[in-house]
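Engineer: Whatever this is, show me its structure:
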Amino acid sequence: MEPLSQSVSADGSVPEGDGPNSTGPTTPSQNTKMLLVHVAGAVQKPGVVSLPEGSRIFQAIDAADGATASADLNGLNLAEVVTDGAKIHVPAVGEASMGGTSQGTGTGIGTGGPAGTSVTPGSGGAKVNINTATVEELGTLPRVGPVMAQRIVDWRKEHGAFASVDELDAIDGIGPKLMESLQDLVTVQGG
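Structural biologist: Numbering: from 1, shown residues only. The predicted model follows:
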């Protein structure tokens, strides 16, 4: 499948190395911060991809070897900048929509489910239930990587359901700053 688009800078020019005659995107410099993004759904190779900071959704899809023939890219804002730890779900044509939006734009980034318009935690959409969330779902939360997500699940298995979000501070590695960033993104329901 051909790339979704070529890069265009804010002034409308094509950066060197990203034009139609280039051999590919320019290599990030040693000072470029790399982001990890989970690309799922109707892509050739779903999984976690590494992208330079400032990358766009279309670049994340390209990093997953492009969209499949059944992908419905109209439900995504391909020009939106991706954030570290985000999940981008590329819906298939006819796939049911959750009806939510990500950051108000309907990009399909988030943990809301299988639809192209799933929500990112804390963007006014659904919160992640720490009593039922998988390691993968917890890993999409900001500043919570796979190791911390596994610790949350392990604690839940050992101690039972969380009675409140505040119980997260009992987990090794979750300090006041992380607790503050998670307060509005997670919930405890059932168990």
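
Engineer: from here on, contacts and neighbour counts on C-alpha atoms
Structural biologist: Noted.

Engineer: ok, and what's touching the longest strand anywhere in the chain?
Structural biologist: If you go by DSSP state E, the chain has its longest strand at strand 34-41. Residues outside strand 34-41 that contact it (C-alpha atoms under 8 Å, 6 or more residues apart in numbering): 46-53, 60-61, 64, 82-92, 114.

Engineer: Filter the residues you listed down to the buried ones, ChimeraX style.
Structural biologist: Here is the ChimeraX command that selects only those of those that count as buried (16 or more other C-alpha atoms under 10 Å):
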select :46,48,49,51,52,53,60,61,64,82,83,84,85,86,87,88,89,90,91,92,114
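
Engineer: ok, residue 86 touching residue 137?
Structural biologist: No. Between residue 86 and residue 137 there is no contact under C-alpha atoms under 8 Å: 10.2 Å.

Engineer: Report the buried residues of the one helix or strand residue 137 maps to.
Structural biologist: Per DSSP states H and E: residue 137 is located in helix 135-139. Across helix 135-139, burial judged by 16+ other C-alpha under 10 Å covers 135, 137, 138, 139.

Engineer: Next: stretch 165-184.
Structural biologist: For stretch 165-184, by 16+ other C-alpha under 10 Å, it's 165, 168, 174, 182.

Engineer: Sketch out the low-pLDDT regions of this protein for me.
Structural biologist: For the chain, the stretches with pLDDT under 70 are 1-30, 96-125, 190-191.

Engineer: just the helices in it please.
Structural biologist: For the chain, the helices defined by DSSP state H cover 57-63, 135-139, 146-159, 176-182.

Engineer: what's the burial count for residue 80?
Structural biologist: 17 (other C-alpha atoms under 10 Å).

Engineer: which residue sits closest to it in space, ignoring its chain neighbours?
Structural biologist: Excluding its sequence neighbours, the residue lying closest to residue 80 (C-alpha to C-alpha, 6 or more residues apart in numbering) is residue 56, at 5.4 Å.

Engineer: Can you get me a residue count around the one you found?
Structural biologist: Neighbours of residue 56 under the rule other C-alpha under 10 Å: 18.

Engineer: close enough to count as contact, it and residue 83?
Structural biologist: No. If you go by C-alpha under 8 Å, residue 56 and residue 83 don't touch, sitting 9.1 Å apart.

Engineer: Any chance of a markdown table for the helices of the chain, columns distance to residue 129?
Structural biologist: Listed next are the helices of the chain as a markdown table, based on distance: least, C-alpha to C-alpha, whole Å:
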| stretch | distance to residue 129 |
| --- | --- |
| helix 57-63 | 26 |
| helix 135-139 | 9 |
| helix 146-159 | 11 |
| helix 176-182 | 11 |
